[in-house]
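Participant: predicted model, plus sequence, below.
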Amino acid sequence: MKVSCPNCQKVFQAPDDWAGRKVKCPACKGIIALPDPSQKSQAPDLNVDWDSLENLEDAGEILYRQKGKRLTLAEAQAQAGSAQSTAGPSKADPTIRICPHCGQKVKSEDIYSELICRQCNGSIPGADIVPETKGRYTGGMADRIKTQVSFYTGFGSAFLYPIPGLVWILLGMGIALATIAVPLLAILAFTAGSGLNPIAEKQDLGWVGTFLSVMFAVQGIYFGAVAYYAMIDTIRTTASGGEQPPSLTWNVGNLGVALAGYLALIGFYIGIVAVMVAIKTGHLPTSMEDLNALGTPGPLIILALLTFCVPMNMIGLASSHALDGLNMVRVFRSIGQLIGHYIFLFLIVLIYLGMYVGGTIAVMKWAGPAIMNSAQKGMEAGLLPMLGGPAAWSVLIGLGFYFAYMIGRILGLFCRSFKEGIDFDL
């Protein structure tokens, strides 16, 4: 054996049968105790079964002591697994945990983190984070989802989907009303003030009706674009896993880009109708009477087929490449791959569209006369009736926002459930 003198650090060799003897160093004559491998180490007791470690290769299992009892590896693993399933927060008070090794009670406000027992230094597992609560501890949009609603489980509740977004709908209604009433009342106040001057001539208020008519038309275009973008944004948000309606977007740039695809879709269908009329009559349509040529079975079938494709067109317009919504090859391919589900989607959209039309008709019975009265008569109708027109108009705008959220939700759920069969990059 090789031995190193602890005094002079001289290394020399000694016979193996001298193990355990005390000898003199040949260099410094100091006393050296030769090591004896057969003697056990005098290390402090760490509850480790050294015999089991020496026999590890022969036995194939680790044995260790716990509370005076020897446990095999299989027994220890079984006990640890049982402790993992039973230990943790108690049902009575989830902040109190019981150590699975020594039974010590430990209190911690964070029930999900793993703790170390101060009594035995053992590990105390935390509560498992189940999918229903995992979303509260993560920050991404997809992680905030608590439950994944599918198309068939969520199309019925789409009617209630816009309710969390009522704050945005009411804000839009307020903006619609304010952008008409505020400038109108300001001009009327200035006109009334100048009318107090005895030199001033009587003011002509005939412009009020014209002003209201122009504002109704401008707002119809702008808020129609906002509602369309809300529908597109809802499709994207729902398809990506979101469960809350997105906020309304007022940026003219974003609205213009989104509206361009919608206007292109309308232009596409108008072009097809014009071509069909030209084929039947020999000239492009110049009056409503020319459209009567489409009353034959052939054109009606084509128009019905085009109408049937509109929901898939809207899904395509909501994709990463909006122009794909005009690609009829992709549209028909997507419909063909999901024909059974798509027929049901089309029927659901028709039902919700009927609900929207019915609600609009009900509101128009009150709002229509008020809007027309204020637009045609202006101040002649009186101040309150005149302001009733913009108020009724804002109600119609809010109804449009609500419908846009509903349809966007239904189309988004369809994309979420059948994304693999849709030929668009969602």
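Facilitator: Cool, got the structure.
Participant: got the phi/psi numbers for the most centrally placed residue in the chain?
Facilitator: Note on the chain: the residue nearest the mean C-alpha position is residue 242, at 2.0 Å, using CA atoms, centre = their mean. Backbone torsions for residue 242, taken as degrees, to the nearest 10, come to phi -70, psi 150.
Participant: quick check: pLDDT value at it.
Facilitator: According to the prediction, residue 242 has pLDDT 86.
Participant: please tell me how far it sits from residue 180.
Facilitator: Using CB to CB, to the nearest Å, one gets 33 Å for the distance from residue 242 to residue 180. Using the backbone N, CA and C atoms, a C-beta is placed for each residue, glycine as well.
Participant: same question for residue 170.
Facilitator: 16 Å.
Participant: neighbour count for these two, which is higher?
Facilitator: residue 180 (23 against 13; other CB atoms under 10 Å).
Participant: that one: what's it in contact with?
Facilitator: With contacts defined as CB atoms under 8 Å, 6 or more residues apart in numbering, residue 180 is in contact with 212, 215, 216, 219, 390, 393.
Participant: ok, of those, which one's closest to residue 424?
Facilitator: residue 219 (31.8 Å; CB to CB).
Participant: can you list the domains in this structure?
Facilitator: 2-33, 72-128, 153-421 (automatic domain parsing).
Participant: most neighbours per residue, which of those domains?
Facilitator: With neighbours defined as mean count of other CB atoms under 10 Å, those peak in mean count at domain 153-421, which reaches a mean of 17.
Participant: save the contacts of residue 180 as JSON lines, and put in secondary structure, distance to residue 347 and pLDDT too.
Facilitator: Output for the contacts of residue 180, formatted as JSON lines (DSSP: H, G, I helix; E, B strand; the rest coil; distance: CB to CB, whole Å; pLDDT from 0 to 100):
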{"residue": "212", "secondary structure": "helix", "distance to residue 347": "39", "pLDDT": "73"}
{"residue": "215", "secondary structure": "helix", "distance to residue 347": "38", "pLDDT": "82"}
{"residue": "216", "secondary structure": "helix", "distance to residue 347": "34", "pLDDT": "79"}
{"residue": "219", "secondary structure": "helix", "distance to residue 347": "33", "pLDDT": "84"}
{"residue": "390", "secondary structure": "helix", "distance to residue 347": "37", "pLDDT": "78"}
{"residue": "393", "secondary structure": "helix", "distance to residue 347": "32", "pLDDT": "82"}
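Participant: as TSV, those with distance to residue 158 would be great.
Facilitator: What follows is those, written out as TSV (distance: CB to CB, whole Å):
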residue	distance to residue 158
212	35
215	32
216	29
219	27
390	30
393	26
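Participant: how about low-confidence regions in the stretch 151-300 of the chain?
Facilitator: Scanning the stretch 151-300 of the chain with the threshold set as pLDDT under 70 gives 188, 190-209, 257-259, 262, 265, 295.
Participant: would you map the helices across it?
Facilitator: In the stretch 151-300 of the chain, the segments counted as helices under DSSP state H, counting those that start in this stretch are 151-154, 166-195, 207-239, 252-281, 297-317.
Participant: wait, which of those is closest to residue 402?
Facilitator: Nearest of the helices of the stretch 151-300 of the chain (CB to CB): helix 166-195, 6.1 Å.
Participant: from the chain's centre, how far out does the closest one sit?
Facilitator: 36 Å (CA atoms, centre = their mean, to the nearest Å).
Participant: hang on, isn't residue 172 packed against residue 224?
Facilitator: No - using CB atoms under 8 Å, residue 172 makes no contact with residue 224, being 11.6 Å away.
Participant: give the contact list for residue 175.
Facilitator: residue 250.
Participant: look up how far residue 233 lies from the residue nearest to the centre of the chain.
Facilitator: Counting by CB to CB - residue 242 and residue 233 are separated by 10 Å.
Participant: likewise residue 17?
Facilitator: On the measure of CB to CB, residue 17 and residue 233 end up 89 Å apart.
Participant: cool, residue 283 as well?
Facilitator: When residue 283 is compared with residue 233 (using CB to CB), they lie 42 Å apart.
Participant: likewise residue 254?
Facilitator: From residue 254 to residue 233 the distance is 9 Å (CB to CB).
Participant: ditto for residue 307
Facilitator: Residue 307 is 24 Å from residue 233, by CB to CB.
Participant: please apply the same query to residue 355.
Facilitator: Distance from residue 355 to residue 233, by CB to CB: 21 Å.
Participant: same check, this time on residue 151
Facilitator: When residue 151 is compared with residue 233 (using CB to CB), they lie 19 Å apart.
Participant: and for residue 417?
Facilitator: Residue 417 is 19 Å from residue 233, by CB to CB.
Participant: fine, thanks again, bye for now.
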